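S.K.: Sharing a model that was predicted from the sequence below.
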Amino acid sequence: MLPEQATRHGASNTFRDIGCVRYAKAGARATATSGLYKPRERRRIFSRGKWHFPLVKSESKLNCSMMLRMRFCLGIDAGGTKTVCAIGGESRILARTLSGSIKHMRVGEEMAGENLRTVVSESLHLAGVRADQIESSCVGTAGSRIPSFAAWVKRSLAGLVSGTIEICGDDEVALDAAFPGGAGVLVVAGTGSNIAGRTSAGKLVNAGGWGPALGDEGSGYWIGHTALSAAFRAYDWGEPTMLLPKVMAFWSLPELGEVVAYANKIPMPDFSLLTPLVVECAEAGDAIATRTLLEGGGHLAEFALLAYRKVRYEEPDGPIPGFSFTGSVLANIAMVRDAMMEEIRRALPLAQVAQEAVDPLEGALWRARNAKP
């Protein structure tokens, strides 16, 4: 069977493709797999007008037996705008699926529940795993500090899969992705932002992350809101900027006064959606946009260094914590990421700073695999 055919057949080929990672957007037909999927080369046989890829019987029996003995776990990275779910075996990811946000503070409880059901059911289907085969689950979300939301997620997920369920912060699962069970500092900057540190004994410290109304410096929301605010100040002073006409076109508003009214409406618009415009303007040389991105990186570095000092205070004789990062802003906006790294290295020249973003989902699966029965 050809690789592109194998993904379309879903669970029917699970035993044959036990090593593949299947990845699809929830609610849509799977059409691609990760680069980790490397199907075994097989001799093709042409018979009865079509090509056949014979399956070796011993391989099928072996993989069926493996499936019966494997421990399965579920991990979820629940961000502000999307949810990523994965089904994992003892050492690899079997399926990974995308869906909308499950944060009912943003999308409402009905939509959040539907997104959770979709992302879990699609992941189980693609992995060829039954819900009652899941032994443990871990959900990483920024809303874990809100008791009512954490309880809702745990209750909702318990109705979809079996096994133990842990709800923890998105910073915790990202820390485990970067420093499994160890000390380190993790900068999260996506729709929101948060900086977490952890000692080798497991004690957590935080800096920032107080939400869009009170902070979240360096986040997508902060970048969009700060840049637009700075653009209006530039307008007052007669300083040129491309941001205002870009925002007017994006929001389909013909007059500047309508932009003011739209930006101040209740509920307020999602300013994180303006971040790509800010990046576009910065890359074209706009001073306001460039200053905003550099300032965001500086804020993230400031909080990262604060978290570092907190970890060292809690554990002065412990291992020196390294720095890692995750989130769409730091993964995709080089200007913010480089500004943050430059400031960290200036303050701590010998610090170990990761060069690439970590995947929080790996941390959620790590916690699920290591969960106590």
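M.R.: Yep, it's here.
S.K.: how deep is residue 253 tucked in, by neighbour count?
M.R.: As a burial measure, residue 253 scores 16 neighbours (other CB atoms under 10 Å). Backbone N, C-alpha and C define where each C-beta goes, glycine included.
S.K.: what do you get for residue 163?
M.R.: Residue 163: 20 neighbours (other CB under 10 Å).
S.K.: next one: residue 316
M.R.: 7.
S.K.: what does the model give it for pLDDT?
M.R.: Reported pLDDT at residue 316 in the predicted model: 92.
S.K.: helix/strand/coil for it?
M.R.: coil (DSSP: H, G, I helix; E, B strand; the rest coil).
S.K.: where's it relative to residue 206, distance?
M.R.: 19 Å (CB to CB, to the nearest Å).
S.K.: How about residue 73?
M.R.: 26 Å.
S.K.: For the stretch 51-200 of the chain, give me the ranges with low pLDDT.
M.R.: The stretch 51-200 of the chain contains residues with pLDDT under 70 at 51-69.
S.K.: Which stretches in it count as strands?
M.R.: Listed in chain order, the strands of the stretch 51-200 of the chain (DSSP state E, counting those that start in this stretch) span 72-78, 82-88, 93-100, 134-141, 164-168, 184-189, 193-198.
S.K.: Save those as CSV, and put in distance to residue 233 too.
M.R.: Shown next, in CSV, are the strands of the stretch 51-200 of the chain (distance: least, CB to CB, whole Å):
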stretch, distance to residue 233
strand 72-78, 35
strand 82-88, 32
strand 93-100, 35
strand 134-141, 35
strand 164-168, 40
strand 184-189, 24
strand 193-198, 23
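S.K.: ranges for the strands of the stretch 201-350 of the chain?
M.R.: 204-207, 323-326.
S.K.: Just name the most buried of these.
M.R.: strand 323-326 (a mean of 26; mean count of other CB atoms under 10 Å).
S.K.: elements contacting that strand?
M.R.: Other helices and strands packing on strand 323-326, by 3 or more CB pairs under 8 Å, 6 or more residues apart in numbering; DSSP states H and E, are helix 170-178, strand 184-189, helix 334-347.
S.K.: need the contact list for residue 87.
M.R.: 72, 73, 74, 93, 94, 95, 123, 124, 126, 127, 129, 134 (CB atoms under 8 Å, 6 or more residues apart in numbering).
S.K.: Nearest residue to the second one in space, please, no chain neighbours.
M.R.: Nearest residue to residue 73, sequence neighbours excluded (CB to CB, 6 or more residues apart in numbering): residue 368, at 3.7 Å.
S.K.: How many neighbouring residues does that neighbour have?
M.R.: So residue 368, with other CB under 10 Å, has 27 neighbours.
S.K.: Could you do residue 348 as well?
M.R.: 15.
S.K.: So for residue 208, what's the pLDDT?
M.R.: The model's pLDDT for residue 208 equals 90.
S.K.: ok, it - contacts?
M.R.: For residue 208, counting by CB under 8 Å, 6+ apart, the contacting residues are 193, 194, 195, 215, 216, 217, 299, 303.
S.K.: Farthest pair within those?
M.R.: With CB to CB as the measure, no two of the contacts of residue 208 lie farther apart than 194 and 299, at 12.2 Å.
S.K.: hmm, back to that, hang on, isn't the residue nearest to residue 73 packed against residue 165?
M.R.: No. If you go by CB atoms under 8 Å, residue 368 and residue 165 don't touch, sitting 9.1 Å apart.
S.K.: Tell me the residues that contact both of those two, please.
M.R.: 136, 137, 138.
S.K.: ok, the last one - contacts?
M.R.: Right, the one you point to is residue 138. By CB under 8 Å, 6+ apart, the neighbours of residue 138 are 73-76, 165-168, 173, 364-365, 367-368, 371.
S.K.: so can I have JSON lines of these showing distance to residue 277?
M.R.: Shown next, in JSON lines, are these (distance: CB to CB, whole Å):
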{"residue": "73", "distance to residue 277": "40"}
{"residue": "74", "distance to residue 277": "36"}
{"residue": "75", "distance to residue 277": "33"}
{"residue": "76", "distance to residue 277": "30"}
{"residue": "165", "distance to residue 277": "39"}
{"residue": "166", "distance to residue 277": "38"}
{"residue": "167", "distance to residue 277": "35"}
{"residue": "168", "distance to residue 277": "34"}
{"residue": "173", "distance to residue 277": "30"}
{"residue": "364", "distance to residue 277": "32"}
{"residue": "365", "distance to residue 277": "35"}
{"residue": "367", "distance to residue 277": "37"}
{"residue": "368", "distance to residue 277": "38"}
{"residue": "371", "distance to residue 277": "42"}
